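# Below are the sequence and a predicted model for it; my questions follow.
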Amino acid sequence: MYGRIPRPSQRKAATLTHTDRPHTANVEIHKFGGTSVGDAARIRHAAELVARSPGRPVVVVSAVAGVTDRLERLPDLARQGETGAWREEVRKLAAFHRELLGGLLPADASGRPEARRVAGILSGIRDRLALLEEADEGSRSLAPDDDPAWVDQEIQAAGEDLSVILLAAALRAQGVPGRETDARTLIRTEARRGTAVPRDEETVRLVRDRLLPMLERGEVPVIQGFIGATQDGRTTTLGRGGSDFTAAIVGAALGAKEVTIWTDVAGIHSADPRVVPAARVLPELGFEEAVELAWFGARVIHPAAAKHAAAREVALRIRSSLDPEAEGTLIRSDRREGPAVAAVAHRAGVTLITVRSRPLFMAHGFLARVFHILARHAVPVDLVATSHTSTAFTLDRREELTAVREELEQFAEVTVRERLATVTVVGRGLLGRPGITGAIFRTLGDRPVNLISQASDVSLSFLVDEEGAAKVVEGVHRELIEGGGTE
Ligand code: ADP
Ligand code: ASP
Ligand code: MG
């Protein structure tokens with residue numbers, strides 16, 4: 001079907017300028033998730049998908065599936081003095097990536113620059129871990145630049161540093177001029193660990209300045225997802241699953257026609273297909289719906305990516321690299337057609353805090369005081385419900401819990417319930433639509449609900465015990481989606 005489309009290297013390079021209106025440059029972003037580059041055959045296949053792209057491709061790639069998890073564990077092993085264990089794991093990671101590269105390059109790849117770079121990244125990790133271990137034992141002090149927390153970031157980022165080498169090599173092996181392009185020179189962020197926030201203006205400028213000339217030369221940039229850097233060059237990461245965010249940022253900066261998120265499922269489904277086997281692919285989804293779904297647990301798209309694309313109206317398409325003929329899900333503007341209830345998601349690991357004001361403080365200003373404390377600790381709140389004397393809200397981060405609790409306890413009684421899950425129904429025109437809450441309560445039976453919250457037309461959430469959440473999702477899917485509940 002794509003046979004007659006010239007490969008990027010053979011295309012005539014049209015002139016691109018900074019003033020190009022969106023879509024005129026025909027830029028297409030292709031983001032490959034970890035499974036889509038899970039082995040040499042898949043990496044080759046990903047490269048083929050890029051080669052067939054009718055537009056001007058820019059590639060964003062995640063670490064190979066499972067690698068970020070493995071890298072994340074290494075610093076703790078070093079801190080615990082588990083020298084044998086971390087050294088063995090680094091050795092395995094080196095062998096694994098060497099083998100992948102060997103499967104992509106012509107015979108005897110060992111002397112090639114790509115192989116040397118893979119080896120260099122792994123030996124960098126080894127050095128850093130050794131340093132971390134010695135520093136922890138007190139036998140060596142770390143230089144300010146080797147702050148252990150930041151060492152963690154650099155080690156995590158190595159997964160993507162390695163996968164760009166692999167995918168760019170696979171592209172070149174197919175005659176496509178893939179060029180590794182360091183995300184640290186494109187995505188400028190604040191110095192915050194774990195969920196660094198990109199600085200929009202600088203990032204847009206850097207992305208355009210670096211990538212437009214490359215595209216003009218007919219090159220295909222291959223960029224690490226998930227990572228960025230501060231002004232002074234410190235590596236940062238955008239949060240787990242953050243490669244989608246990188247793709248949305250680059251797509252918006254370049255005015256891309258479409259950002260394709262290639263993953264291991266054939267689009268956004270009406271529920272996580274691993275939880276609800278009857279879930280179906282949604283051909284279309286509105287931006288707002290996508291943001292709610294992502295935020296409330298549908299891992300298939302990162303919430304920050306959905307938000308970024310929605311705010312800049314960049315169309316996102318979610319497709320399966322294992323089934324590339326399927327159209328997938330198109331996320332754009334706001335849909336007018338299709339079912340009222342589109343999907344149901346859940347997110348575990350949620351904590352419910354209930355704050356009851358003490359009589360002395362019952363006067364106005366109670367809510368303001370509670371939320372001021374949360375804002376000061378930069379704690380995002382998901383769901384809120386209030387009564388005259390209490391307010392209850394959910395958090396999905398535990399880090400700040402103790403500090404927040406102590407402050408609240410100075411003027412209120414605080415109770416904390418953990419191991420809860422939000423279940424969220426997403427759709428359009430949900431406010432006031434008869435039948436939805438009834439159907440939800442029917443599926444819940446005598447299971448307790450801790451909080452129910454609906455602030456918009458596109459989502460309704462409630463809180464149940466973590467262990468029962470998957471069953472509730474299945475039940476809600478059956479009642480409201482399979483049964484066409486509220487059509
Ligand atoms: P990638 O590595 O490609 O970024 P992820 O694992 O982050 O992939 O996201 C894909 C996974 O998201 C799927 O395998 C699926 O289990 C999960 N998922 C959760 N909710 C949904 C949903 N509503 N539709 C599709 N997939 C979902
Ligand atoms: N490799 C990172 C992670 O596993 C980012 C991503 O895959 O999107 O979280
Ligand atoms: Mg993902």
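That came through fine. Ligands and ions are numbered 1, 2, ... in the order given.
# any idea how far Val67 lies from Arg179?
For Val67, the distance to Arg179 (Cβ to Cβ, to the nearest Å) stands at 22 Å. The way it works is simple: take the backbone N, C-alpha and C, and place the C-beta from them, glycine included.
# of those two, who's got more company?
Counted by other Cβ atoms under 10 Å, Val67 and Arg179 do not tie: Val67 has more neighbours, with 22 against 17.
# pLDDT at the closest residue to the more buried one other than its chain neighbours, what is it?
Closest residue to Val67 apart from its sequence neighbours, by Cβ to Cβ, 6 or more residues apart in numbering: Gly159 at 4.1 Å. Note on Gly159: pLDDT of 98.
# neighbours of Gly159, just the number please.
Neighbour tally, Gly159, other Cβ under 10 Å: 28.
# Next: Glu99.
Glu99 has 11 nearby residues by other Cβ under 10 Å.
# pLDDT averaged over the helix or strand containing it - what is it?
Per DSSP states H and E: Glu99 is located in helix 83-104. Across helix 83-104, pLDDT averages out at 96.
# wait, does it contact ligand 2?
No. Using Cβ under 6 Å from any ligand atom, helix 83-104 stays clear of ligand 2, coming no nearer than 13.5 Å.
# Now do the strands for the stretch 301-450 of the chain: every range, in order, please.
With strands called from DSSP state E, counting those that start in this stretch, the stretch 301-450 of the chain shows them at 316-320, 329-331, 341-357, 384-386, 390-395, 412-427.
# likewise the stretch 101-250 of the chain?
Residue ranges of the strands in the stretch 101-250 of the chain, as given by DSSP E, counting those that start in this stretch, are 178-181, 220-224, 227-229, 235-237.
# Distance to Leu463 and mean pLDDT for these - can I get that in CSV?
Supplementary listing: the strands of the stretch 101-250 of the chain in CSV, determined by distance: least, Cβ to Cβ, whole Å; pLDDT from 0 to 100:
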stretch, distance to Leu463, mean pLDDT
strand 178-181, 43, 98
strand 220-224, 37, 98
strand 227-229, 34, 98
strand 235-237, 29, 96
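# elements contacting the helix holding Glu99?
helix 40-51, helix 67-79, helix 113-137, helix 148-173 (3 or more Cβ pairs under 8 Å, 6 or more residues apart in numbering; DSSP states H and E).
# what's the angle from that helix to helix 40-51?
50 degrees (axes from the mean of the first three to the mean of the last three Cα atoms, to 10 degrees).
# re the thing from before, looking at the strands of the stretch 101-250 of the chain, spot the one closest to Gly34.
Taking Cβ to Cβ, strand 220-224 is the member of the strands of the stretch 101-250 of the chain nearest to Gly34, at 12.6 Å.
# Just the CA atoms of the closest one, as PDB, please.
The C-alpha coordinates for strand 220-224 follow below in PDB (Å, rounded to 0.1, in the frame of the first residue of the first chain):
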ATOM      1  CA  VAL A 220      15.100  11.900   9.900                       C
ATOM      2  CA  PRO A 221      15.800  13.000  13.500                       C
ATOM      3  CA  VAL A 222      15.700  10.200  16.100                       C
ATOM      4  CA  ILE A 223      15.100  11.600  19.600                       C
ATOM      5  CA  GLN A 224      15.000  10.100  23.100                       C
END
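# what about it and ligand 2, touching?
No. Applying Cβ under 6 Å from any ligand atom, one finds strand 220-224 separated from ligand 2 by no less than 9.1 Å.
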